[in-house]
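> Turn this into a model:
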Amino acid sequence: MKLDIKTLFIAPIAILALLAGCSNAAANPGETVGLANPWTESDQQGVLEATGFIMEAPKGAADVRYSYMAEGKLAQMRYVLDGAEWVYRIQSALEPTDISGMEYEWTSKEEGTVSGRDAVYYAWSNAKPDSQTVDNVSYVQVVNWYDAVAGVMYSLSASGQDLNGMDLQVYAEDLYVPLQGDA
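This next block holds a predicted model:
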């Protein structure tokens, strides 16, 4: 068997890397190694300091949780209201983009507005076509809108069992405060 210089160099490094991984697993048994969570849990003030965006929960909201993603300065507020789980996000952007974080095969897409700003509304449901059954049906609705004057992207999503008849535009306009006033 003939060994070349590459094998003599790479083999010890591979063995050391394997041993380092094993010793880490032995030191932390049962620990799952994965990707780091990019979100930092915070409070309202912490989100403001990290991203520059203030987020006010709507009246009646429960279980309000704030977080931000330092890279990209993405602000997020989660809460429960009217039987749905909501996520509101704000981020500076040079152009309209989807910051919702939702990756569904949308069953509908409509253009509209939020406080006079162009918006795109998306909806998804796991309901079977032509079915009259509404039990155990999940729904997701998202609206993304862009404030070109301020250069800020907004996203509001709702998910739950009964979103039928919920006007996402009303909820979005309740949260939205233009950064430059009513310009």
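
> Tell me which helix or strand in this structure has the weakest average pLDDT.
Least confident element among the helices and strands of the chain, by mean pLDDT, DSSP states H and E: helix 5-27 (a mean of 48).

> Three-state assignment for the residue positioned nearest the centre of the chain, please.
Residue closest to the mean C-alpha point of the chain, counted by C-alpha atoms, centre = their mean, is Gly101 at 4.0 Å. Secondary structure for Gly101, judged by DSSP: H, G, I helix; E, B strand; the rest coil, is coil.

> going forward can the numbers begin at 433, since that is how I track them
Shifting the count to begin at 433 puts that one at Gly533.

> dump the residue contacts of it.
Remark: with contacts taken as C-beta atoms under 8 Å, 6 or more residues apart in numbering, Gly533 is in contact with Val519, Arg521, Ser587. Placement of C-beta: from N, CA and C, glycine included.

> Which one (most neighbours) among the residues you listed?
Ser587 (25 neighbours; other C-beta atoms under 10 Å).

> Relative to whichever strand or helix holds that one, what are the paired strands and their orientations?
Using DSSP states H and E, Ser587 sits in strand 584-592. Sheet pairing of strand 584-592 (DSSP bridges) gives strand 516-524 (antiparallel), strand 571-579 (antiparallel).

> picking up where we left off before, for the contacts of Gly533, give me a markdown table that also has distance to Thr483 and pLDDT.
Formatted as a markdown table, the contacts of Gly533 follow (distance: C-beta to C-beta, whole Å; pLDDT from 0 to 100):
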| residue | distance to Thr483 | pLDDT |
| --- | --- | --- |
| Val519 | 15 | 97 |
| Arg521 | 10 | 97 |
| Ser587 | 14 | 97 |
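
> if we can go back for a sec, deepest of the strands paired with strand 584-592, which one?
Of the strands paired with strand 584-592, the one with the most neighbours on average (mean count of other C-beta atoms under 10 Å) is strand 571-579, at a mean of 22.

> What's the mean pLDDT across that strand?
Averaged over strand 571-579, pLDDT sits at 94.

> go on, stretch 537-549?
Taken as a whole, stretch 537-549 has a mean pLDDT of 93.

> For that stretch, list the C-alpha coordinates in PDB.
The C-alpha trace of stretch 537-549 is given here as PDB (Å, rounded to 0.1, in the frame of the first residue of the first chain):
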ATOM      1  CA  GLU A 537     -48.100  27.500  -1.500                       C
ATOM      2  CA  TRP A 538     -50.600  30.300  -1.300                       C
ATOM      3  CA  THR A 539     -54.100  29.500  -2.400                       C
ATOM      4  CA  SER A 540     -54.800  33.200  -3.200                       C
ATOM      5  CA  LYS A 541     -52.900  36.400  -3.900                       C
ATOM      6  CA  GLU A 542     -54.500  39.900  -4.200                       C
ATOM      7  CA  GLU A 543     -53.100  43.400  -4.500                       C
ATOM      8  CA  GLY A 544     -54.500  46.100  -2.300                       C
ATOM      9  CA  THR A 545     -53.500  48.800   0.100                       C
ATOM     10  CA  VAL A 546     -52.700  49.500   3.700                       C
ATOM     11  CA  SER A 547     -53.200  53.200   4.600                       C
ATOM     12  CA  GLY A 548     -52.700  54.100   1.000                       C
ATOM     13  CA  ARG A 549     -49.500  52.100   0.600                       C
END
